[in-house]
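1. coords below, sequence missing:
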């Protein structure tokens, strides 16, 4: 959708930004019209690359003045179309705001700009013996990860993105700069804006600085792979481990089909059976006791083999294999697009949900597999589909819906970590009921003209902007 | 402040409530006109005791219809005047909604009504080998604890109240019943209402049901008391323990003056020196290694003695002594009222802040001491003052202000766990800056008539209700 007054807006932008920070180049626009999802590309009218909070504030003021939508953009690794500018407008690319500003070693905190990626941050933190825990598959930007409340393999121990955010500098719709928190470990002061802005998917403001919690690299780490006869056995083993109170740092399920993709893509020779990838963090003595207890438990659940990876290289290879799984599927099916389900359920419902997903996946007759952060009750079914084949798309959509409805009927959520974006909007009413109206009131209060990433997360139907 | 149409309101209330659920008795009103703070008593016009969500919804509709304020009330253990109905109106006492509704053993969740107290919940959970972690000094209701985002001695390991809330059933200003979350361990769906409502101090709605996270009772627990020459040594020891990555479950500082109160009130004979009360949770082997490392660290910080409490009875006595400290001060100073500061700072600023508080406390010449959840950077200075002596009150207020300003200037918060209530309002602008306007917009969007606990937390000056 073309904006009416592009020339005027470009002139206004030039007051606050250099010419090389503003682009209307078609290739640049195309790069900012899509993410890693199957959702349809839509182009922004203008892409800007601010370097400072002041510049972001100037852009937001122009957005309000000319009633033109703004979409924040990290690296475009979102999985539900979050960054696709469905109504055109200005895309704010944060790639030039990519500095680790300060490490507060004693406080286990770090302040970063939103364009910093998680591997970039971890490289810097390593110098201090620290690490950042949240690890979605992609090397996403921290701004994007906060916008979707991302999580990953370590959430079972360290929590999700929301748990790591102590403070956000946010530019709100009218260009005001606010701080949502502080550097203290806890606070009962005012309303909790940190938690509200995390996961708001660019619909309440743009993040320009973030203070995040970091952890000391654990004294000892042991990783293990455990192979099971069936997915059900594997999931039940996880439930037993959690119930035994063993503090696992990571526990990932990879099904048989996905293990095949892993081996093919990474040139590994792991057993091609339903597998748990596990990791334990702690001191040496405690860890030995935990691991021994864990082995006892998995053996009670038809575990066929447990292999330990004690040295760092083997451990990194194992997690690399897990993290590149989505790419392994994409790489293995050229020309196809990936759809990923993302439900999260109470742990007592997980075995049933994974079983239900397996049955439906087998009946679907599309290439795909199941993986999951099973310690959180979160799993993904990955399906490869041909975007030129309406029947495949429709089959995949129906499959996704069945998975979601199953989860919602059992106290779960339609998205554990990917966010709502475009793809999960249709489930918001069923999931939130009357609470959806409360969310809409908050959105309307903070973005009265509906210009901040409009149409994502909280969709406001009745307030289209004047153009 | 008397409400204009009390008779009409009483008649309306009788449509949804039994007569014995409605009171205008003076003694009942007095009991609901105060909390445990030094703030001035104000009486509600009517006190109601609902038993169901539907009844709460009916009360809220009456509040809107007649534009009369409502104040939710748990047990009145708040420390900043949260439950004092400064504008009169209806106080909703939740003491009849005090049932533990369901324990979800496999999911480590429990659903309770808001009037359940923490000890009541723990008594029930013990049957399942589970416990609820958050333990403020008072045996508060869980509804009240969620309303103030309470925490306590175990937050350093298990997090604060906000971290435990998976779902709240909330009755909003217009009587609508919403759910703010679900039973899944994580979610990226919609806006994060759980976190927003926790800590909102009754200003956004009334909680009628809560689903909370619980934990398995640890396999092994060891508690310790470590005595130090100075408060500074004790605080620095804590910082070193945290930096060493030792996963302490509790670490409380009690200064010399407060140890004297403890001994007097509990008939104990603990050393009357600055003391750390510590606790470690884990498996036996890991715990031994952690404790040995901890001992090494404290000895590097002029620790004069470490005493371990391994059996359950001695450990309970120790924590009982810590928990009754506020009462020990009150009991020891009949006729006086307690003021408690509650700042929380980045851990690197804690030793300085406690030192600053000590100096100011010594200069104050009022009875008092310092205690704190030092693992979180949160400490309290307790001062006893004579409410008939304006000079004492004014000195105590000035002291409180100095402590708060010191914290705010160093990235901290004016309240780590007690909440804003009446007492911390004057610091909200300095602490939150431009973010305060965002909080006010949210309050206005969800409570347009400013009837929900008006004047607390987010004070909306310009929207006095029509009466």
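-> Structure's in. What do you need? Note that the structure is predicted; figures quoted are calculated from it, not measured. Numbers count the residues shown, from 1 in each chain, chains lettered A, B, ... in the order given.

2. what about the residue nearest to residue A:13 when sequence neighbours are not counted, how many neighbours?
-> Of all residues not flanking residue A:13 in the chain, residue A:22 sits nearest, at 5.3 Å (C-beta to C-beta, 6 or more residues apart in numbering or on different chains). (C-beta placed from N, C-alpha, C; glycine too.) Using other C-beta atoms under 10 Å in any protein chain shown, residue A:22 is surrounded by 20 other residues.

3. centroid-nearest residue for chain A?
-> Among the residues of chain A, the one closest to the centroid is residue A:150, at 3.3 Å (C-alpha atoms, centre = their mean).

4. can you pull the contacts of that residue?
-> A:134, A:136, A:140, A:144, A:160-161, A:417-418, B:188 (C-beta atoms under 8 Å, 6 or more residues apart in numbering or on different chains).

5. do that again at 7 Å, thanks
-> By C-beta atoms under 7 Å, 6 or more residues apart in numbering or on different chains, the contact list for residue A:150 reads A:134, A:136, A:140, A:161, A:417.

6. same check, this time on residue A:358
-> Each residue near residue A:358 by C-beta under 7 Å, 6+ apart is listed here: A:231, A:370.

7. which helix or which strand is home to the residue of chain A at minimum distance from chain B?
-> Residue nearest to chain B within chain A: residue A:286 (1.9 Å; C-beta to the nearest C-beta). Secondary structure from DSSP states H and E places residue A:286 in helix A:284-299.

8. list the neighbouring strands of the very next helix or strand once past that helix plus their orientation.
-> Following helix A:284-299 in sequence order, the next helix or strand is strand A:303-309 (DSSP H and E). Each strand paired with strand A:303-309, and its direction, by DSSP bridges: strand A:220-228 (antiparallel).

9. the inter-axis angle of the partner strand versus helix A:284-299?
-> Relative orientation of strand A:220-228 and helix A:284-299, computed by axes from the mean of the first three to the mean of the last three C-alpha atoms, to 10 degrees: 10 degrees.

10. grab the nearest non-local neighbour of residue A:51.
-> Leaving out its chain neighbours, the residue that sits closest to residue A:51 by C-beta to C-beta, 6+ apart is residue A:96, at 4.9 Å.

11. please look at the one you found and residue A:48 and confirm they touch.
-> No - counting by C-beta atoms under 7 Å, residue A:96 stays clear of residue A:48, with 9.8 Å between them.

12. rewinding a little: quickly list what the residue nearest to residue A:13 is bridged to.
-> Applying DSSP bridges to residue A:22 yields these beta-bridge partners: residue A:48.

13. in three-state terms, how would residue A:123 be classified?
-> Three-state assignment for residue A:123 (DSSP: H, G, I helix; E, B strand; the rest coil): helix.

14. which ones are touching it?
-> Here residue A:123 is in contact with no residue (C-beta under 7 Å, 6+ apart).

15. hang on, residue A:264 is in a strand, isn't it?
-> No - Residue A:264 is assigned helix when assessed by three-state DSSP, not a strand.

16. look up the pLDDT of it for me, please.
-> At residue A:264, the model reports a pLDDT of 89.

17. the residue nearest to the residue of chain A closest to chain B when sequence neighbours are not counted: neighbour count?
-> In this structure, residue A:286 finds its nearest non-sequential neighbour in residue B:286, 1.9 Å apart by C-beta to C-beta, 6+ apart. Look at residue B:286: counted by other C-beta under 10 Å, it has 24 neighbours.

18. then the one 10 residues further on?
-> Burial measure for residue B:296: 11 neighbouring residues, criterion other C-beta under 10 Å.

19. the one 4 residues further on now?
-> Using other C-beta under 10 Å, residue B:300 is surrounded by 12 other residues.

20. ok, now residue A:59?
-> Around residue A:59 there are 26 other residues, counting by other C-beta under 10 Å.

21. quick one: average confidence on the helix or strand it falls within?
-> Per DSSP H and E, residue A:59 falls inside helix A:53-66. Mean per-residue pLDDT for helix A:53-66: 98.

22. on that earlier part again, list the contacts of the residue nearest to residue A:286.
-> By C-beta under 7 Å, 6+ apart, the contact list for residue B:286 reads A:282-283, A:285-286, A:289.

23. can you give me the pLDDT of the residue of chain A closest to chain B?
-> At residue A:286, pLDDT is 92.

24. now the nearest residue to residue A:178 once chain neighbours are set aside: phi and psi?
-> Using C-beta to C-beta, 6+ apart and skipping residues adjacent in sequence, the residue nearest residue A:178 is residue B:435, 4.1 Å away. Phi and psi for residue B:435, reported as degrees, to the nearest 10, are phi -70, psi -20.

25. residue B:435 against residue A:194, yeah?
-> No - between residue B:435 and residue A:194 there is no contact under C-beta under 7 Å: 10.1 Å.

26. between these two, what contacts are shared?
-> Shared contacts of residue B:435 and residue A:194 (C-beta under 7 Å, 6+ apart): residue A:180.

27. how many neighbours does the closest residue to residue A:306 other than its chain neighbours have?
-> Closest residue to residue A:306 apart from its sequence neighbours, by C-beta to C-beta, 6+ apart: residue A:226 at 4.7 Å. By other C-beta under 10 Å, 29 other residues sit near residue A:226.

28. ditto for residue A:288
-> When neighbours are counted by other C-beta under 10 Å, residue A:288 registers 17.

29. ditto for the one 10 residues further on
-> For residue A:298, the neighbour count with other C-beta under 10 Å is 25.

30. list the contacts for it?
-> A:226, A:237, A:306 are the contacts of residue A:298 under C-beta under 7 Å, 6+ apart.

31. residue B:126 versus the first one, what's the distance?
-> With distances defined as C-beta to C-beta, to the nearest Å, the gap from residue A:226 to residue B:126 amounts to 33 Å.

32. what of the second one?
-> In this structure, residue A:237 and residue B:126 are 27 Å apart, going by C-beta to C-beta.

33. ok, now residue A:184?
-> Applying C-beta to C-beta to residue A:184 and residue B:126 gives a distance of 33 Å.

34. try residue A:158
-> Distance from residue A:158 to residue B:126, by C-beta to C-beta: 28 Å.

35. who has more neighbours, the two?
-> Comparing residue A:158 with residue B:126 by other C-beta under 10 Å, the one with more neighbours is residue A:158, at 21 against 11.

36. the more buried one and residue A:133 touch, don't they?
-> Yes - counting by C-beta under 7 Å, residue A:158 does reach residue A:133; the two are 3.8 Å apart.

37. list residues touching both of the two?
-> Common neighbours of residue A:158 and residue A:133, counting by C-beta under 7 Å, 6+ apart, are residue A:215.

38. Provide the secondary structure category for residue A:436.
-> Following three-state DSSP, residue A:436 is assigned to helix.

39. you'd agree residue A:344 is up against residue B:187?
-> Yes - between residue A:344 and residue B:187 there is a contact under C-beta under 7 Å: 6.2 Å.

40. overlap in contacts, the two.
-> With C-beta under 7 Å, 6+ apart as the test, residue A:344 and residue B:187 both reach A:413, A:416.

41. what ranges does the stretch 251-400 of chain A have for its strands?
-> A:275-282, A:303-309, A:337-340, A:368-373, A:378-385 (DSSP state E, counting those that start in this stretch).

42. which neighbours does the shortest one have in its sheet, and in what orientation?
-> Each strand pairing with strand A:337-340, determined using DSSP bridges, is listed with its direction: strand A:378-385 (antiparallel).

43. can you give the contact residues for the partner strand?
-> Applying C-beta under 7 Å, 6+ apart, the contact partners of strand A:378-385 are A:253, A:326, A:329, A:333, A:336-342, A:344, A:354, A:357, A:361, A:364, A:366-372, A:392-393, A:396, A:399, A:403, A:416-417, B:186.

44. identify each buried residue in it, please.
-> Of all the residues in strand A:378-385, those buried under the rule 16 or more other C-beta atoms under 10 Å in any protein chain shown are A:378-385.
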